[in-house]
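# Here's my sequence, what's the structure:
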Amino acid sequence: MLLLRLLRPAAVLAFVAAIVLVSAYSRHAYAFEPFVIRDIRVEGIQRTEAGTVFGYLPVKVGDRLTEDRAAESIKALFATGFFKDVRIEVEGDVMIVAIEERPAIAQIDFTGLKAFEQAAVKKSLRESGLAEGRIFDRSVLDRAEQELKRQYLSKGLYGMTVKTTVTPLDRNRVGLNFAVTEGDIAKIRKINIVGASAFRESVLLEEFALAEGGWFSWYTKDNQYSKQKLTADLENLRSFYLNRGYLEFAVESTQVSITPDKRDIYITVSIREGPKFTVTDVKLAGELVVSEAQLRPLIELKPGDVFNGQKLTSSTKKIQERLGNEGYAFANANAAPEIDREKQSVAFTIYIDPGRRVYVRRVNVAGNTRTRDEVIRRELRQLEGSYYDGEKINESKKRLDRLDYFRETEIETPAVAGTPDQVDVNIKVQEKPTGQLLLGAGFSSADKLVLSTSVAQANIFGSGNYVAASISTGRTNKVYSISHNNPYFTIDGVSRGFDLYHRDFNAANVNLGDYRTSSTGGGVRFGYPYTAKDTFVFGLAADVTNYSLGALPPTRLLNYVTTYGANITTIPLTVSWFRDTRDSAIYTRNGRLQNAGTEFGLPGGTVQYWRLTYTDRWYYPLGRLYSLYLRGDVGMARGINKPLPFNKRFYAGGIGTVRGFDTNSLGPRDTDDSILGGEKRVTGTAEFLFPFPGLTKDRSVRLATFLDAGRLYGSGPTTGGGFRYSAGLGLDWQSPFGPLRISWALPLNRQPGDRVQRLQFTAGTAF
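Model (predicted):
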């Protein structure tokens, strides 16, 4: 006791621990005289193989066994985690290892689990070390319970409880059961932003993915708290202020509180706005391997502008990319601010470090288990042996993504070991199924029920060629078609395609008169990519159309068939130009899509004609959530020596032209009030696009207010009476069942005899 009094507290604890450790080992390693091991025997094993035990032992037959080596053996076996107890015993010159195994987990069951799939939870627990077939460890079970609770907390289920039952089974196994009581989801009741004076709180909350809830929160779940979402929201808030001049903005504190019943969550964010700064100067410094005259236009932030963090980041990124296009793959451009708080101004100096100019040594492609190597390489714009060019590498990735053959495309440019001026371009792709077998149904206010089936392979045999066959049935159109396209018919990227089709058309269903047509045809087309954004398409086809007149056909069509016959053969030659600069083909917010086309009915057919069309679609972003969409469409056609065939005329009315008026109902009419169509058409649309209320983050659905205008020009007893206008509200939804378009329109200048259809829609995909 005197010794313990003289020692410091830390020394006392160490002394006691040493006594405990010696006592623990004394239970397992009894005192014995050292000897040479003649044999090693393992006792007590049930599932573990004896060889496993021998493999972990630090001694073997022929070694000299001492008390220290025995203690070392016990520690080594305990460290495996397989055993609950280990003892070393001696019988003559035989070393006996007596062990007691930990039980193995035979099965893991869940009760009350609704918010997650059992397979997903088991995978998560496996990552925590708990899985069927593994050794049972109580500490691992505790960690698994905490991981399960963490997953529930991430879904806002703060009232959940879990009780784990361990059931012993035969052959030293256990069964685990997690009994989960999920409780109710905690909802965000209020989000407060303290310290905001420059902007209204409602404006700032628009930057948040988290919300206090609305009509569609049951779908968006935006009122369910998530720490990750809150972190992202605070970063969005910071960017909002930085982009408006508040250089010293800071989030000072964030408090998240939950009510005692664990149903409601309150979030309070305290911020410090600071002053608004104006930019006085932006200078370039460092090694300017590209002239300042070329770099200066890349700087979006100008003297006199209010500071904008996004523009500054974009400027340095553009400078780095510009240097990358010259071969400086590892260039850096960093902006250093000089702040004058008295004048509330800031000047920036962008320091440029281009690094060493590098070459591409080798382009490596991996992951293409089915797609041929040449199909990938022909899309690449970066070549081996040339200077590194960041723009060409980015364009290569875009072209690979547009193929739509791969789930994911990654491009890395690691430096070549031992060479400071070379990099490799490593392209890694992940294949995805490119074949489709579709059985579908659609419905539209014009076509009614449409049933369709198609089989298509966009990358047949890994060659990059497209082959498709489809059947579509509806009241108005029945289509049977086969298509093939080779995008690289020539090494320069000239494409070649073939089409064969048969189409039955019932004109009575779309207000064109009591007649039917049956068309059979086919053709070949060639596409020439003039630039990365421009493509020319040349086509030659042959079409045979049979007119079948009903009991009361349009008078003009009856006269046409009587004069020229019911079977009309045409040989159309087409030349088209496409330019696509859209940022997205589905949810477009910026860019244009232009198409100009000509079609000539060549000699050799029953009739000759010409047809010209031009369509321009233009999208312009208005802020972060809104866009302006303008569409213009003009067309003109004429018959040569004979009247223009009815199936080559233009029509207007309905979705796609002038909404609010019945499908194809505008324009000249015959004496029997049948629609004649026109030889000229002008239509236009102006739309203001905005998110669906409550679904701001959902890119698959949005609304539009629109103004439509259109007119057909042609001869007939009734000319159609000039332009028609309509205005209304539209909805576009890329639903899981196909695209859905709904519009409600009010005709603004309805004339006597006009056929009005205010609610119109199309769903699914029709040919």
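# Flag every buried residue along stretch 744-756.
Burial within stretch 744-756, assessed by neighbour count using 16 or more other C-beta atoms under 10 Å, is assigned to 745, 747, 754. For the C-beta atoms, the positions are set from N, CA and C on the backbone; glycine is no exception.
# counting contacts, what elements does the helix or strand residue 614 falls within pack onto?
Assigned by DSSP states H and E, residue 614 belongs to strand 608-622. When contacts are defined as 3 or more C-beta pairs under 8 Å, 6 or more residues apart in numbering; DSSP states H and E, strand 608-622 packs onto strand 591-601, strand 626-640.
# and the longest one, what does it pack onto?
Spelled out, that is strand 626-640. Counting by 3+ C-beta pairs under 8 Å, 6+ apart, strand 626-640 packs on strand 608-622, strand 680-691.
# next structured bit after it?
Past strand 626-640, the next helix or strand by DSSP H and E is strand 660-661.
# quick one: residue 715 and residue 667 touch, right?
No. Using C-beta atoms under 8 Å, residue 715 is not in contact with residue 667; the gap is 10.7 Å.
# Who has more neighbours out of these two?
residue 667 (28 against 11; other C-beta atoms under 10 Å).
# can you confirm the more buried one is in a strand?
No. Using DSSP: H, G, I helix; E, B strand; the rest coil, the assignment for residue 667 is coil, not a strand.
# which of the buried residues of stretch 744-756 has the weakest pLDDT?
Lowest in pLDDT among the buried residues of stretch 744-756 is residue 754, which has 84.
# The residue lying closest to residue 107 once chain neighbours are set aside: which element?
Spatial nearest neighbour of residue 107, chain neighbours left out: residue 175 (4.9 Å); criterion: C-beta to C-beta, 6 or more residues apart in numbering. Using DSSP H and E, residue 175 sits within strand 173-181.
# can you map out the helices along the stretch 101-250 of the chain?
In the stretch 101-250 of the chain, the helices defined using DSSP state H, counting those that start in this stretch lie at 118-127, 138-154, 201-205, 217-220, 227-242.
# I'd like those written out as JSON lines, with distance to residue 569 and mean neighbour count added.
Output for those, formatted as JSON lines (distance: least, C-beta to C-beta, whole Å; neighbours: other C-beta atoms under 10 Å):
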{"stretch": "helix 118-127", "distance to residue 569": "61", "mean neighbour count": "14"}
{"stretch": "helix 138-154", "distance to residue 569": "67", "mean neighbour count": "16"}
{"stretch": "helix 201-205", "distance to residue 569": "65", "mean neighbour count": "14"}
{"stretch": "helix 217-220", "distance to residue 569": "54", "mean neighbour count": "14"}
{"stretch": "helix 227-242", "distance to residue 569": "62", "mean neighbour count": "16"}
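# Least confident of these, on average?
Taking the mean pLDDT of the helices of the stretch 101-250 of the chain, helix 217-220 comes last: a mean of 70.
# what comes up buried for the strand holding residue 175?
For strand 173-181, using 16+ other C-beta under 10 Å, the buried residues are 173-176, 178, 180.
# Show me what that strand is packed up against.
Where contact means 3+ C-beta pairs under 8 Å, 6+ apart, strand 173-181 is packed against strand 104-111, helix 138-154, strand 161-169.
# Keeping just the C-alphas, turn that strand into PDB.
Extracted as PDB, the C-alpha positions of strand 173-181 are listed here (Å, rounded to 0.1, in the frame of the first residue of the first chain):
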ATOM      1  CA  ARG A 173     -24.700 -20.600 -34.700                       C
ATOM      2  CA  VAL A 174     -27.000 -17.700 -33.900                       C
ATOM      3  CA  GLY A 175     -29.900 -16.000 -35.600                       C
ATOM      4  CA  LEU A 176     -30.400 -12.200 -35.500                       C
ATOM      5  CA  ASN A 177     -33.700 -10.500 -35.700                       C
ATOM      6  CA  PHE A 178     -34.000  -6.700 -36.000                       C
ATOM      7  CA  ALA A 179     -37.500  -5.600 -34.800                       C
ATOM      8  CA  VAL A 180     -38.000  -2.100 -36.200                       C
ATOM      9  CA  THR A 181     -40.700   0.400 -35.100                       C
END
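# and it, which strands flank it?
Its sheet considered, strand 173-181 pairs with strand 104-111 (parallel), strand 161-169 (antiparallel) by DSSP bridges.
# With mean pLDDT and mean neighbour count as new columns, can these be given to me in a markdown table?
Formatted as a markdown table, the strands paired with strand 173-181 follow (pLDDT from 0 to 100; neighbours: other C-beta atoms under 10 Å):
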| stretch | mean pLDDT | mean neighbour count |
| --- | --- | --- |
| strand 104-111 | 89 | 16 |
| strand 161-169 | 89 | 13 |
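# Of all those, which one comes closest to residue 69?
Evaluated over the strands paired with strand 173-181, closeness to residue 69 peaks at strand 104-111, with 29.6 Å, by C-beta to C-beta.
# quick one: that closest one to chain centroid distance?
36 Å (C-alpha atoms, centre = their mean, to the nearest Å).
# Span of stretch 383-395 from start to end?
Start and end residues of stretch 383-395 are separated by 12 Å (C-alpha to C-alpha, to the nearest Å).
# Tell me the buried residues in that stretch?
Neighbour counts over stretch 383-395 (16+ other C-beta under 10 Å) mark 387-390, 392-395 as buried.
# for stretch 334-354, same thing?
For stretch 334-354, burial by neighbour count (16+ other C-beta under 10 Å) applies to 335, 345-346, 348, 350, 352, 354.
# what's the answer for stretch 276-293, then?
Quick answer for stretch 276-293 (16+ other C-beta under 10 Å): 276-279, 282, 284, 290.
# Need the residues that contact that stretch.
Contact with stretch 276-293 is made by 198, 244-248, 295-296, 299, 301-307, 315, 322-323, 326, 328, 339-340, 344-354, 357, as judged by C-beta atoms under 8 Å, 6 or more residues apart in numbering.
# Let's see which of those residues end up in helices.
Members of those lying in helices (criterion: DSSP state H): 295, 315, 322-323.
# okay if I get these as JSON lines plus neighbour count and pLDDT?
Converted to JSON lines, the ones in helices among the contacts of stretch 276-293 look like this (neighbours: other C-beta atoms under 10 Å; pLDDT from 0 to 100):
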{"residue": "295", "neighbour count": "20", "pLDDT": "93"}
{"residue": "315", "neighbour count": "21", "pLDDT": "95"}
{"residue": "322", "neighbour count": "19", "pLDDT": "92"}
{"residue": "323", "neighbour count": "26", "pLDDT": "93"}
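# before we move on, the earlier item: okay, the helices and strands packed on strand 608-622 in a markdown table with mean pLDDT and distance to residue 117 next?
Below are these laid out as a markdown table (pLDDT from 0 to 100; distance: least, C-beta to C-beta, whole Å):
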| stretch | mean pLDDT | distance to residue 117 |
| --- | --- | --- |
| strand 591-601 | 93 | 40 |
| strand 626-640 | 93 | 38 |
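# any idea of the angle the helix or strand hosting residue 318 forms with helix 227-242?
Element membership for residue 318, per DSSP H and E: helix 309-324. Using axes from the mean of the first three to the mean of the last three C-alpha atoms, to 10 degrees, the direction of helix 309-324 lies 90 degrees away from that of helix 227-242.
# Let's verify the closest residue to residue 643 other than its chain neighbours: helix, strand, or coil?
Beyond its immediate neighbours in the sequence, the residue positioned closest to residue 643 (C-beta to C-beta, 6+ apart) is residue 560, lying 6.3 Å away. Look at residue 560: counting by three-state DSSP, its state is helix.
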